[in-house]
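> structure for the following, please:
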Amino acid sequence: MTTTDPSTVEFGLDTFGDVTLGPDGTPLPQAQVLRDVVEQAVLADQVGIDAFNVGEHHRADFAISAPEVVLGAIAARTGRIRLGTAVTVLSSDDPVRVYERMATLDALSGGRAEVTLGRGSFTESFPLFGFDLADYEVLFEEKLDLFARLRSEERVRWQGTVRAPLDAEVFPKTERGSLTAWVGVGGSPESVVRTARHGFGLMLAIIGGDPLRFAPYVDLFHRALSELNPGVGALPVGVHSPGFVWDTDEEAAELLFGHFKANRDRIGAERGWPPATRREYDAEIAGGALFAGSPETVAHKIARTVSGLGVTRFDLKYSNGTMPHDQLMRCIELYGTEVIPRVRELLA
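Residues are numbered from 1 along each chain as shown. Next up, the predicted model:
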């Protein structure tokens, strides 16, 4: 176990704008889902959660395709919570435009913006925006390199193969001098090293199995930082994992299962996975990366993960497929008012 200062640990929420069910059991229009996401973020701000992050997708089951627009609406309704992406699919976007949009959000939110960059676990954005999946690796590598240079907010001279050469500054500048930025990583050692080399925070997407199996990646990140990028000092490591908080363990498991299975089976059918079983689901709650249960249960599981990995950020992906808005609101309330304070007690 790694000693973790509880005062340095931050807690966030992540959503992809999963299309939820309305009171009549039918899927809500994506427009209503987007409005509900804003209300969820407002509640998160009210109950003291540190960060609220929205993920970019371009498909029917997720409503958020323009994260910065959603975050701008949230910024106008909140006062303290940090606002981020989870993730921005940098491979199919332009680094200059991403930086300018996020710097604009940072200005309008009073310095609360942060970005998590990734390749994305879905590939719909590549043909949508005219990119060849054969260039999957080089697109991300070159665009991440350019984005890292843009963070200096000075004139950047850059040349690569995936876009025109650049010799320019980007505007607006942030008041802090740079954007807070992470890279989302799913467990590739090469991705961990690349994140360290470019000087980004590391956000580990842990969506299955015992979270503590990612300890070697945390160690690798710190070693790579010291060897490849010693000038930047220590950089944060965070965890993104799915979960759901309700009053009791039994109720949480029952309420979540149908939505969890439907979501997993829909994606699994596209990827050749077998249907999810109740046995696998229960095992993932008991000893895996599904942080579902009562506030006490979820708090203990988060505390074990934070201390065991030595991370300083934990983001709960609280939206679970078609799970209704009112249940998500109750989950957010419990996470902010009961889970987070209890985790801090356990870490202390």
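
> nearest residue to the residue nearest the centre of the chain other than its sequence neighbours?
When the chain is reduced to its mean C-alpha position, the nearest residue by Cα atoms, centre = their mean turns out to be A86, at 3.3 Å. Spatial nearest neighbour of A86, chain neighbours left out: N53 (3.7 Å); criterion: Cβ to Cβ, 6 or more residues apart in numbering. No exception for glycine: its C-beta is placed from N, CA and C like everyone else's.

> report the buried residues of the longest helix anywhere in the chain.
Using DSSP state H, we find that the single longest helix of the chain is helix 249-271. Of the residues in helix 249-271, those scored as buried under the neighbour-count criterion (16 or more other Cβ atoms under 10 Å) are 252-253, 255-257, 259-264.

> nearest to I64, of those?
Distances from the buried residues of helix 249-271 to I64 were compared by Cβ to Cβ; the smallest belongs to N263, at 15.4 Å.

> that closest one reaches Y281, doesn't it?
No - because the distance of 11.6 Å does not satisfy Cβ atoms under 8 Å, N263 is recorded as not touching Y281.

> are there residues contacting both of those two? Which ones?
Residues touching both N263 and Y281 do not exist when contact is defined as Cβ atoms under 8 Å, 6 or more residues apart in numbering.

> any idea how far N53 lies from G84?
Relative to G84, N53 is positioned 4 Å away (criterion: Cβ to Cβ, to the nearest Å).

> quick check: neighbours shared by the two?
Jointly contacting N53 and G84 under the rule Cβ under 8 Å, 6+ apart are 12, 116.

> rewinding a little: pretty sure the residue nearest to A86 is touching F11, no?
No - using Cβ under 8 Å, N53 makes no contact with F11, being 11.6 Å away.

> when those two are compared, which one has more neighbours?
More neighbours sit around N53 than around the other of N53 and F11, counting by other Cβ atoms under 10 Å; the figures are 26 against 22.

> quick one, phi psi at the more buried one?
Here the main-chain torsion angles of N53 (degrees, to the nearest 10) amount to phi -130, psi 140.

> for it, give me its contacts.
N53 touches 12-15, 83-86, 116, 315, counting by Cβ under 8 Å, 6+ apart.

> want to try CSV for those, with distance to G187, secondary structure and pLDDT as columns?
Rendered in CSV, the data for the contacts of N53 read as follows (distance: Cβ to Cβ, whole Å; DSSP: H, G, I helix; E, B strand; the rest coil; pLDDT from 0 to 100):
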residue, distance to G187, secondary structure, pLDDT
G12, 20, strand, 99
L13, 22, strand, 99
D14, 17, strand, 98
T15, 22, strand, 98
L83, 26, strand, 99
G84, 21, strand, 98
T85, 20, strand, 98
A86, 17, coil, 98
T116, 16, strand, 98
D315, 16, strand, 99
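
> ok, and the most crowded of those?
With neighbours taken as other Cβ under 10 Å, the top of these is T85, carrying 30 neighbours.

> not counting its neighbours along the chain, what's nearest that one?
P67 (4.6 Å).

> pretty sure W158 is touching F147, no?
No - proximity of W158 to F147 does not meet the contact threshold set by Cβ under 8 Å, at 10.1 Å.

> who has more neighbours out of those two?
When neighbours are counted by other Cβ under 10 Å, W158 and F147 differ, and F147 comes out ahead with 25 against 18.

> that one: what's its closest spatial neighbour, skipping adjacent residues?
Setting aside the residues directly before and after it, F147 is nearest to P95 in space (Cβ to Cβ, 6+ apart), at 4.2 Å.

> burial of the one you found, as a residue count?
25.

> report the contact partners of the closest residue to P242 other than its chain neighbours.
With sequence-adjacent residues excluded and distances taken as Cβ to Cβ, 6+ apart, P242 is closest to K317, at 4.4 Å. Going by Cβ under 8 Å, 6+ apart, K317 touches 13-16, 86, 240-243.

> where does the protein dip in pLDDT?
Within the chain, the set of residues satisfying pLDDT under 70 comprises 1-4.

> just checking, what's the longest strand in it?
When the chain is parsed with DSSP state E, its longest strand is strand 237-245.

> that one vs helix 249-271, what angle?
Counting by axes from the mean of the first three to the mean of the last three Cα atoms, to 10 degrees, strand 237-245 points 120 degrees away from the direction of helix 249-271.

> what's strand 237-245 packed up against?
Strand 237-245 is packed against strand 10-15, strand 201-205, helix 249-271, strand 291-293, helix 295-309, strand 313-317, helix 325-334, with contacts defined by 3 or more Cβ pairs under 8 Å, 6 or more residues apart in numbering; DSSP states H and E.

> ok, which stretches of the stretch 1-150 of the chain are strands?
Using DSSP state E, counting those that start in this stretch, the strands assigned to the stretch 1-150 of the chain run over residues 10-15, 51-54, 82-85, 88-89, 113-118.

> now G184, what are its backbone angles?
G184 has phi and psi values of phi -80, psi 130 when expressed as degrees, to the nearest 10.

> what are the bridge partners for it, then?
Beta-bridge pairing of G184 under DSSP bridges involves M203.

> and it, what is it in contact with?
Residues in contact with G184, defined by Cβ under 8 Å, 6+ apart, are 86-87, 116-118, 203, 205, 240.

> I'd like to know how far it sits from Q32.
Counting by Cβ to Cβ - G184 and Q32 are separated by 27 Å.

> also E345?
Relative to Q32, E345 is positioned 38 Å away (Cβ to Cβ).

> all set, thanks.
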